[in-house]
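Asker: Provided below are the primary sequence and the corresponding predicted coordinates.
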Amino acid sequence: MKGIIFTEFLELVEAKFGIEVLENMLEMSDDTGVYTAVGSYDHKDLVNLIVSLSKLTKVAVEDLQQVFGRAVFMNLYKSLRNSAPIVDCKTTFQFLRQVENYIHIEVKKLYPDANPPKFNFLSESESTLEFDYHSARCMSHVCLGLVQGCADKLDETLDIKMTNQVDDGSHVRFNLSVV
């Protein structure tokens, strides 16, 4: 997993919960908190940090993932090149298709060992989109937050339903409806 995800997470924890909670989370996780944005790290380290934060704050792991995804969306969006086709998207549905068709491909070009999530689009109309999220990292609630962050950026209101297709959360179906 790219280090930018770790650095963004640590910044969010400090901003939302304070430096003391950040330090306690790192200590509880036996983690130094030293990450570079361009480095590659084991996703299990991020999971460990989120679990520790959940224990400290009494906020569910899934809720923390969702808040993180929503908060990090704008920073990731700002990192896109202005020439990237994704910046011209006018709807969340268009954007999600470009995540799969552009961003994930570019990530693989830059980092051949990267293993980004996979989106399989099942059906789409003007007001609905159904897709499957596949990831060995089982962080579908981060994906949910990213979708919400995208909708916020594009000034859309979406009704989002998630349904696990397998118990471990590595395959989740998303049903989005424009409200």
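Answerer: Right, received. Where do you want to start? Numbering: from 1, shown residues only.

Asker: avg pLDDT for stretch 21-41?
Answerer: For stretch 21-41, mean pLDDT rounds to 94.

Asker: can you give me the end-to-end distance of that stretch?
Answerer: This stretch, stretch 21-41, spans 22 Å end to end (Cα to Cα, to the nearest Å).

Asker: residues touching that stretch, excluding its own?
Answerer: 1-4, 6-7, 10, 13-14, 45, 48-49, 51-53, 55-57, 111, 113-114 (Cβ atoms under 8 Å, 6 or more residues apart in numbering). All C-beta spots, glycine's among them, are computed from the backbone N, C-alpha and C.

Asker: where are the low-confidence patches of this structure?
Answerer: 83 (pLDDT under 70).

Asker: wait, residue 139 touches residue 65, no?
Answerer: Yes - counting by Cβ atoms under 8 Å, residue 65 is a contact partner of residue 139 at 5.9 Å.

Asker: Three-state assignment for residue 163, please.
Answerer: At residue 163 the chain is in strand, as set by DSSP: H, G, I helix; E, B strand; the rest coil.

Asker: could you list every residue that touches it?
Answerer: 172, 173, 175.

Asker: can you classify the closest residue to residue 115 other than its chain neighbours by secondary structure?
Answerer: Counting by Cβ to Cβ, 6 or more residues apart in numbering, residue 115 lies nearest to residue 136, which is 6.8 Å off, once chain neighbours are set aside. Three-state assignment for residue 136 (three-state DSSP): coil.

Asker: how near is residue 153 to residue 95?
Answerer: 8 Å (Cβ to Cβ, to the nearest Å).

Asker: which residue ranges of this structure form helices?
Answerer: 3-17, 19-28, 43-57, 61-78, 92-98, 104-110, 140-153 (DSSP state H).

Asker: want to throw those helices into TSV with mean neighbour count and distance to residue 123?
Answerer: Formatted as TSV, the helices of the chain follow (neighbours: other Cβ atoms under 10 Å; distance: least, Cβ to Cβ, whole Å):
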stretch	mean neighbour count	distance to residue 123
helix 3-17	18	30
helix 19-28	16	40
helix 43-57	18	30
helix 61-78	18	23
helix 92-98	21	11
helix 104-110	13	20
helix 140-153	22	16
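
Asker: I'd like those helices written out as CSV, with distance to residue 36 added.
Answerer: As requested, these are arranged in CSV below (distance: least, Cβ to Cβ, whole Å):
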stretch, distance to residue 36
helix 3-17, 5
helix 19-28, 16
helix 43-57, 14
helix 61-78, 15
helix 92-98, 27
helix 104-110, 15
helix 140-153, 20
